[in-house]
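> Fold the following and give me the result.
(one chain, ligands or ions: 1)
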Amino acid sequence: MTQRSLTLMAVHAHPDDEATSTGGVLARYAAEGVTTVLVTCTNGGCGDGPGAVKPEDPGHDPQAVARMRREELAASCEALKVTHLETLDYADSGMMGWATNEAPDAFWNTPVTEAADRLAELIRRYRPDVVVTYDENGFYGHPDHIQAHRVTMAAVERTGIPAKVYWTTVPRSAFQRFGTVMREIGLEFPEPEVPEEMPALGLPDDEITTWVDTSAYGGQKFASLAAHASQAENIFFLRLGQERFTELMGVETFVRVHDTTGAPTPEDDLFAGLR
Ligand SMILES: [Zn+2]
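Residues are numbered from 1 along each chain as shown. Coordinates of the predicted model:
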C-alpha cells in the first residue's frame, strides 16, 4: 500500500483571495509534494469588470465579470500548481450596505448549513490534513470572507477530518514595515474599507502561532497575483515589483485554532507534527 500524500485545503471567498494570503503556502507545499485543494466560494461578480468598470458603474455586468475572473482563477492556480480547484459559485455579496448584499443568491444570504454541506462533502472527498481560512471578521469585514469563515468552521466541525485548522492573519509589525516601504517609494497604501466597529486589523506578533517562509516561491506568488490584474487593489501590489513584493509578503502568517498533533508553537510549517 502506498502512503497517501499530505493534503492542504484553502477556503477563500473570491477569485484572487488565494494569491495574497496563501499564494506562498500553496506554491511551496505543492512543490514539496503535498496535494493542494483551493475552494473558492463566490464567483467574484462584484469585482472590477473588463476595462476597469467599477461595480457601481452602469455597464457593470456581474456575469461577464464572473466569467473573466473564472479564467483568471484558472491562470492563478496554474501559476501556483494547485492540484485541485473547486468553485462553489455563489453570487458575490459585495460590501456591507450594497444592494447585492440583499440578493437571495448572494453567498452572504446562503444558510451556513447549506454551504457547509457542500464543503463537508469536499472535505470528505479530499480528506485534508490542514485547512486554512479567515478569522471570524474575515480579516477585514467583507461579508463573503465572514461567511467563508463560518461555512468552513461548520464543515470542519461536522466532518472532524482535518488535524490542523488555521486562520490567515498579518502581524502588526508587517503593517508598519509596509507603511515605511510605501513612503520610501512614494506609493499611497489604499486602506481597506473596514467597518467602524471592527477590531484593528491583524494581530500582535506574539499572538501569531505560525510563520511560514515562502520567499523562495515569490515568483509564483507574484504570477498568481498578476493573473488577477483586472482588480484595482491587485494592481497596487503589482506596482511594487516582484522583488519588493516578495520582501514584504514572503512570509505567510497564521493562527492555529485547531490541532491534534501537539506540535509546539511558534511553528514554521503548517504540517509540523504531521511529517
Ligand atoms: Zn475577497
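> Now do the strands in the stretch 151-275 of the chain.
Ranges of strands in the stretch 151-275 of the chain, per DSSP state E, counting those that start in this stretch, are 164-169, 210-213, 251-259.
> Which strands or helices does the second one pack on?
Translated: strand 210-213. Packing partners of strand 210-213 (3 or more Cβ pairs under 8 Å, 6 or more residues apart in numbering; DSSP states H and E): helix 17-31, strand 251-259. C-beta here means a position set from N, CA and C on the backbone, and glycine is covered the same way.
> try 6 Å this time
Judged by 3 or more Cβ pairs under 6 Å, 6 or more residues apart in numbering; DSSP states H and E, the packing partners of strand 210-213 are strand 251-259.
> and this structure, which of its residues are near the ion?
Applying Cβ under 5 Å from the ion, one finds that the chain approaches the ion through 13-14, 17.
> rewinding a little: if you compare the strands of the stretch 151-275 of the chain, which one is most tucked away?
strand 164-169 (a mean of 24; mean count of other Cβ atoms under 10 Å).
> Could you list the paired strands of it along with their orientation?
Here strand 164-169 is paired, per DSSP bridges, with strand 130-133 (parallel), strand 251-259 (antiparallel).
> Make JSON lines from the residues of the chain next to the ion and add neighbour count to it.
Below are those laid out as JSON lines (neighbours: other Cβ atoms under 10 Å):
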{"residue": "Ala13", "neighbour count": "28"}
{"residue": "His14", "neighbour count": "25"}
{"residue": "Asp17", "neighbour count": "28"}
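> ok so, going back, mean pLDDT for the strands paired with strand 164-169 - can I get that in JSON lines?
Formatted as JSON lines, these follow (pLDDT from 0 to 100):
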{"stretch": "strand 130-133", "mean pLDDT": "98"}
{"stretch": "strand 251-259", "mean pLDDT": "98"}
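> Nearest to Ser93, out of those strands?
Ser93 sits nearest to strand 130-133 of all these, at 16.5 Å, using Cβ to Cβ.
> For the closest one, which outside residues touch it?
With Cβ atoms under 6 Å, 6 or more residues apart in numbering as the test, strand 130-133 has contacts from 8-11, 22, 148-149, 152, 156, 162, 164-166, 270.
> Then stretch 264-273?
Taking Cβ under 6 Å, 6+ apart as the rule, stretch 264-273 contacts 6, 130, 209-211, 261, 263.
> and it, how far from the chain's centre?
The chain centroid and the centroid of stretch 264-273 are separated by 20 Å, computed with Cα atoms, centre = their mean, to the nearest Å.
> Can you get me the start-to-end distance on it?
Taking Cα to Cα, to the nearest Å as the measure, stretch 264-273 stretches 9 Å from start to finish.
> With stretch 267-275 instead?
Its first and final residues considered, stretch 267-275 spans 13 Å by Cα to Cα.
> Against Thr100, how distant is the closest residue to Leu73 other than its chain neighbours?
Distance criterion Cβ to Cβ, 6 or more residues apart in numbering; nearest residue to Leu73, sequence neighbours excluded, is Pro15 at 3.8 Å. Going from Pro15 to Thr100 by Cβ to Cβ, to the nearest Å gives 16 Å.
> neighbour count winner among the two?
Taking other Cβ atoms under 10 Å, Pro15 and Thr100 do not tie; Pro15 has more neighbours (31 against 19).
> Quick check: that one touching Gly44?
Yes - between Pro15 and Gly44 there is a contact at 4.4 Å, judged by Cβ atoms under 6 Å.
> so what's in contact with these two at the same time?
By Cβ under 6 Å, 6+ apart, Pro15 and Gly44 have these common neighbours: Arg69.
> so who does Glu136 touch?
So Glu136 contacts His149 (Cβ under 6 Å, 6+ apart).
> How about Pro55?
Cys46 are the contacts of Pro55 under Cβ under 6 Å, 6+ apart.
> Would you confirm that it belongs to a strand?
No - assigned with DSSP: H, G, I helix; E, B strand; the rest coil, Pro55 falls outside any strand and is coil.
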